[in-house]
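Enquirer: fold the following.
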Amino acid sequence: MRPFDTFLAVDWSGADDRGARPRKDAIWAALAPAAGGAAPPPVYLRSRAAAEDWLAATLAAELAAGRRVLAGFDFPFGFPAGFAAALVGRPDPLALWDWFAARLPPAGGDRFALAAAINARFPGTGPFWFNATRTDHPGLPRRGREREGHGLPERRQAEARARGAFPVWQLGGAGAVGSQAMTGMAALSRLRARLGEAVRVWPFEPPEAPVVLAEVWPSLIRAEIAGARRADEIADAAQVRVLAAALAGLQAEGALAAALGAAPPEARREEGWILGLGAETALGDAARAAVAQPAAAAPPPAAGGGLVPPRLRDDCFALPRGVDWMPVDAALARLREALAPVAGVEKVPLADADGRVLAEPARARRPNPPAANSAVDGYGFAAAATGAGIQRLPLLPGRAAAGHPFPGTVPAGQAVRILTGAPLPEGVDTVVLEEDCASDGATVAFEGPAKAGANTRRAGEDFAAGADLLPAGHRLRPPDLALLAAAGLGAVAVRRPLRVAVLSTGDEVSPAWGAALPPHRIHDANRPMLMALARRWGHAAVDLGHAPDAAGAIAARLDRGAAEADLILTSGGASAGEEDHVSRTLRDAGRLVGWRIAMKPGRPLALALWNGVPVMGLPGNPVAAFVCALVFGRPALALLSGAGWAEPQAFTVPAAFAKRKKAGRREYLRARLTPAGAAEVFRSEGSGRISGLSWAEGLVELPDGALEVAPGTPVRFLPYAGFGL
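Expert: Here you go, the predicted model:
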């Protein structure tokens with residue numbers, strides 16, 4: 001199992017909205033890196049809603065950075081055996097989490113009233129107790145001794161072994177965990193929904209996901225926490241700080257795997273288990289060794305309140321040892337592994353969301369249709385009150401129309417005029433098409449039998465409230481806006497547009513488009529092309545202009561790009577020759593990896609970090625720069641933007657050309673389809689022929705191996721449209 005990179009400890013609270021000033025008995029969280037070193041200070045979270053948002057953003061950022069997280073929460077993950085089955089029909093603790101999530105929203109929710117309602121499902125009195133409110137909740141006793149006959153165990157196996165642990169049934173009082181368990185399970189249910197398959201819950205699921213949630217109990221290392229607490233430190237802040245460091249230390253000592261394997265079978269099935277229970281000595285030793293690390297300053301808040309993922313690792317583009325030439329597929333796989341989303345998150349009105357990338361799944365706030373309604377203009381009635389043959393039903397006065405529901409109930413054996421889209425009145429389950437009826441205004445006649453439900457739409461037949469509509473990473477289109485509007489969404493969380501800076505280099509290149517030039521100078525063809533590509537792909541283009549072949553000028557433009565953009569595209573000077581000044585400048589900064597790709601055109605690809613911002617150095621030849629931008633730039637930018645890896649659309653078509661190709665590299669030929677659907681290629685393969693880019697409608701991709709193509713041979717055609725152009 002891959003080790004964890006980050007450890008998170010959370011001290012939860014069932015209460016809410018503690019205020020802006022940090023205080024005890026609130027929600028606190030702390031992170032600790034696995035590799036040791038300084039950890040950020042604990043974070044105070046004033047409410048459950050704020051905590052849920054912080055947790056989702058923090059774990060998403062860790063995932064985006066490629067880090068694996070063990071997240072510990074100090075409340076029970078399950079109840080004594082038998083409780084889940086009584087509420088959800090089966091001993092499934094995670095279904096029980098979802099049950100609580102549906103009844104305890106992030107803000108508000110009366111956990112005491114809910115506990116009373118749960119108690120009513122069991123015989124006798126209980127199991128929950130301790131009503132901390134002034135309102136009497138029948139069935140929820142204020143004292144534990146007032147309970148009897150509810151039929152459930154008082155403690156889980158974990159509480160029976162952990163000295164001093166409180167039973168989960170107690171909702172309030174010093175040390176009680178009942179309220180934390182109910183609200184915490186609801187919160188983690190929503191967190192699982194937001195992060196999807198990246199999350200697993202220990203001990204119910206194998207701890208092998210990028211994010212593993214586990215139950216913890218700081219009192220296992222009570223003495224170590226007390227000894228490490230600073231004079232002015234809130235106790236809960238000390239708890240999470242020391243516990244996160246202890247979990248990291250437990251892994252460093254090689255004892256974490258054993259702790260994760262220690263849960264007994266009943267705990268794995270239903271009850272849950274406290275991580276570290278039975279390994280208190282090792283956990284305490286790890287805590288004492290870890291808390292000597294100095295605390296780091298808190299990171300600055302994101303500008304504008306948006307969520308800003310971490311930047312890429314310094315070694316993200318490093319190649320495996322011994323790799324020199326890389327096949328295209330290997331280069332794409334390495335690039336996909338190295339990159340992660342870097343675009344921040346913001347919420348925008350739905351009307352402004354076209355072309356934006358969803359940062360989280362979009363879920364319906366209401367069903368569609370919201371009510372059963374008529375699919376046609378006609379007459380509505382209850383089908384059960386009709387039969388075969390000619391049916392004559394008296395008509396009620398009034399009608400049902402879209403936006404104007406019928407105000408009353410339609411008795412059995414009577415009918416009402418109804419128009420398309422009108423909600424079905426009470427008593428109506430069937431509509432007969434107007435053209436199939438005769439009416440004198442007082443009676444409607446039609447030939448039966450009428451099929452029950454005919455010409456009606458069921459409430460929610462398109463989608464139900466809470467349904468997943470679109471996944472995170474989806475780029476919104478006009479039909480998507482219609483879907484989300486119908487689902488009741490007025491705003492959506494989206495990724496901020498990726499900022500792509502474009503720089504052209506070379507003494508021979510002139511940025512003055514349209515100006516008369518001597519023969520030894522050329523116009524800058526790459527910059528307008530690359531900026532247009534970035535915009536076509538939904539990103540914001542930042543024009544860095546042109547830099548001559550001078551290290552200082554190139555570095556100055558890269559500095560500006562790193563300050564204003566999320567990625568820098570350069571063209572020219574990307575190889576390793578004497579005049580490849582971009583590569584030299586990047587290499588001098590110590591962060592260059594030159595990838596030699598086994599492809600034609602576009603062999604050199606420079607990848608680097610400049611002030612923490614990725615740089616992709618494309619060839620200076622416009623044809624090679626264009627092909628590399630399509631093959632490598634588009635999927636890389638899509639991944640950085642949060643839209644996920646973008647695969648090109650491809651079709652197998654017959655060739656309308658002949659060619660003999662040697663083994664050793666992949667080739668991309670400028671091509672278009674004939675009226676018969678065959679792929680013809682440009683008259684010259686020379687990469688200096690820029691006119692071929694405009695002539696073409698796509699690329700023919702020839703594989704790495706040797707190939708002899710004759711007219712009619714199946715070849716792979718990648719249309720420009722499949723690259724988003």
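Enquirer: find the nearest non-adjacent residue to residue 355, please.
Expert: residue 538 (5.1 Å; Cβ to Cβ, 6 or more residues apart in numbering). Placement of C-beta: from N, CA and C, glycine included.
Enquirer: next, that neighbour: phi, psi?
Expert: phi 90, psi 10 (degrees, to the nearest 10).
Enquirer: burial measure for it, as a count.
Expert: A total of 20 residues lie near residue 538 under the criterion other Cβ atoms under 10 Å.
Enquirer: please, where are all the strands along the stretch 351-500 of the chain?
Expert: 357-358, 362-363, 373-374, 378-381, 389-400, 415-418, 430-433, 438-439, 443-448, 456-457, 468-470, 491-495, 499-505 (DSSP state E, counting those that start in this stretch).
Enquirer: JSON lines for these, including mean neighbour count and mean pLDDT?
Expert: Formatted as JSON lines, those follow (neighbours: other Cβ atoms under 10 Å; pLDDT from 0 to 100):
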{"stretch": "strand 357-358", "mean neighbour count": "24", "mean pLDDT": "92"}
{"stretch": "strand 362-363", "mean neighbour count": "22", "mean pLDDT": "91"}
{"stretch": "strand 373-374", "mean neighbour count": "24", "mean pLDDT": "96"}
{"stretch": "strand 378-381", "mean neighbour count": "28", "mean pLDDT": "97"}
{"stretch": "strand 389-400", "mean neighbour count": "15", "mean pLDDT": "95"}
{"stretch": "strand 415-418", "mean neighbour count": "27", "mean pLDDT": "97"}
{"stretch": "strand 430-433", "mean neighbour count": "24", "mean pLDDT": "97"}
{"stretch": "strand 438-439", "mean neighbour count": "14", "mean pLDDT": "96"}
{"stretch": "strand 443-448", "mean neighbour count": "17", "mean pLDDT": "95"}
{"stretch": "strand 456-457", "mean neighbour count": "19", "mean pLDDT": "96"}
{"stretch": "strand 468-470", "mean neighbour count": "16", "mean pLDDT": "92"}
{"stretch": "strand 491-495", "mean neighbour count": "21", "mean pLDDT": "90"}
{"stretch": "strand 499-505", "mean neighbour count": "26", "mean pLDDT": "91"}
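Enquirer: could you dump the ones you listed to CSV with distance to residue 273?
Expert: Below are the strands of the stretch 351-500 of the chain laid out as CSV (distance: least, Cβ to Cβ, whole Å):
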stretch, distance to residue 273
strand 357-358, 36
strand 362-363, 32
strand 373-374, 51
strand 378-381, 57
strand 389-400, 57
strand 415-418, 58
strand 430-433, 55
strand 438-439, 70
strand 443-448, 64
strand 456-457, 49
strand 468-470, 31
strand 491-495, 34
strand 499-505, 46
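Enquirer: walk me through the domains of this structure.
Expert: For the chain, the structural domains run 6-75+190-294, 109-185, 345-364+465-492, 373-457, 499-641, 651-723, going by automatic domain parsing.
Enquirer: by mean pLDDT, show me the worst of those.
Expert: Mean pLDDT is lowest for domain 499-641 out of these, coming in at a mean of 82.
Enquirer: gap between the two ends of it?
Expert: Distance between the two ends of domain 499-641: 9 Å, counting by Cα to Cα, to the nearest Å.
Enquirer: just to revisit the earlier point, contacts only, for the residue nearest to residue 355.
Expert: Contact partners of residue 538, counting by Cβ atoms under 8 Å, 6 or more residues apart in numbering, are 355, 356, 357, 475, 497, 498, 641, 643.
Enquirer: which ones among those map onto helices?
Expert: Residues of those located in helices (DSSP state H): residue 641.
Enquirer: tell me which stretches of the stretch 151-300 of the chain form helices.
Expert: Residue ranges of the helices in the stretch 151-300 of the chain, as given by DSSP state H, counting those that start in this stretch, are 157-161, 178-195, 222-228, 235-252, 256-260, 265-266, 280-290.
Enquirer: check which helices and strands the last one sits against.
Expert: What it means is helix 280-290. Under the contact criterion of 3 or more Cβ pairs under 8 Å, 6 or more residues apart in numbering; DSSP states H and E, helix 280-290 touches helix 222-228, helix 235-252.
Enquirer: which one of the strands of the stretch 351-500 of the chain lies closest to residue 721?
Expert: In terms of Cβ to Cβ, the element of the strands of the stretch 351-500 of the chain nearest to residue 721 is strand 357-358, at 19.8 Å.
Enquirer: and the gap between the residue nearest to residue 355 and residue 618?
Expert: According to Cβ to Cβ, to the nearest Å, residue 538 and residue 618 sit 20 Å apart.
Enquirer: ok, now residue 517?
Expert: For residue 517 relative to residue 618 (Cβ to Cβ), the value is 22 Å.
Enquirer: ok, the two, which is more surrounded?
Expert: Neighbour tally, residue 517 and residue 618, criterion other Cβ under 10 Å: the higher count belongs to residue 618, 28 against 12.
Enquirer: report the contact partners of the more buried one.
Expert: By Cβ under 8 Å, 6+ apart, residue 618 lies in contact with 526, 530, 569-571, 574, 602, 605, 624-625, 628-629, 633.
Enquirer: which one of those residues is nearest to residue 485?
Expert: residue 633 (33.3 Å).
Enquirer: checking my notes, the closest one in a strand, right?
Expert: No - per DSSP: H, G, I helix; E, B strand; the rest coil, residue 633 lies outside any strand segment and is helix.
Enquirer: show me the contacts for it.
Expert: Applying Cβ under 8 Å, 6+ apart to residue 633 gives the contacts 533, 569, 616, 618.
Enquirer: may I have the beta-bridge partners of the last one?
Expert: Looking back up the chat, that one is residue 618. Beta-bridge partners recorded for residue 618 (DSSP bridges): residue 571.
Enquirer: which non-adjacent residue is nearest residue 444?
Expert: Counting by Cβ to Cβ, 6+ apart, residue 379 is the residue found nearest to residue 444 once chain neighbours are left out, at 4.7 Å.
Enquirer: quickly list what the one you found is bridged to.
Expert: Going by DSSP bridges, residue 379 forms beta bridges with residue 417, residue 432.
Enquirer: ok, it - contacts?
Expert: So residue 379 contacts 393, 395, 415-418, 431-432, 434, 437, 439, 444, 446 (Cβ under 8 Å, 6+ apart).
Enquirer: pick out whichever of the residues you listed sits closest to residue 154.
Expert: For the contacts of residue 379, the closest approach to residue 154 (Cβ to Cβ) belongs to residue 431, at 57.7 Å.
Enquirer: and the nearest residue to that closest one once chain neighbours are set aside, how far from residue 429?
Expert: Once flanking residues are discounted, residue 431 sits nearest to residue 455: 4.0 Å by Cβ to Cβ, 6+ apart. To residue 429, residue 455 is 11 Å away according to Cβ to Cβ.
Enquirer: now residue 33
Expert: 62 Å.
Enquirer: residue 467 too?
Expert: 24 Å.
Enquirer: more crowded one of the two?
Expert: A count of neighbours by other Cβ under 10 Å puts residue 429 above the other of residue 467 and residue 429, at 17 against 14.
Enquirer: I figured that one hits residue 452, correct?
Expert: Yes - Residue 429 lies in contact with residue 452 (Cβ atoms under 8 Å); the separation is 6.0 Å.
Enquirer: which neighbours do the two have in common?
Expert: By Cβ under 8 Å, 6+ apart, the residues touching both residue 429 and residue 452 are residue 383.
Enquirer: send me stretch 526-534 as PDB with only the CA atoms.
Expert: The C-alpha coordinates for stretch 526-534 follow below in PDB (Å, rounded to 0.1, in the frame of the first residue of the first chain):
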ATOM      1  CA  ASN A 526       3.200  31.100 -33.800                       C
ATOM      2  CA  ARG A 527       1.900  33.700 -31.300                       C
ATOM      3  CA  PRO A 528      -1.500  34.400 -32.900                       C
ATOM      4  CA  MET A 529      -2.000  30.700 -33.600                       C
ATOM      5  CA  LEU A 530      -1.200  29.600 -30.000                       C
ATOM      6  CA  MET A 531      -3.200  32.300 -28.400                       C
ATOM      7  CA  ALA A 532      -6.200  31.500 -30.600                       C
ATOM      8  CA  LEU A 533      -5.800  27.800 -29.700                       C
ATOM      9  CA  ALA A 534      -5.900  28.700 -26.000                       C
END
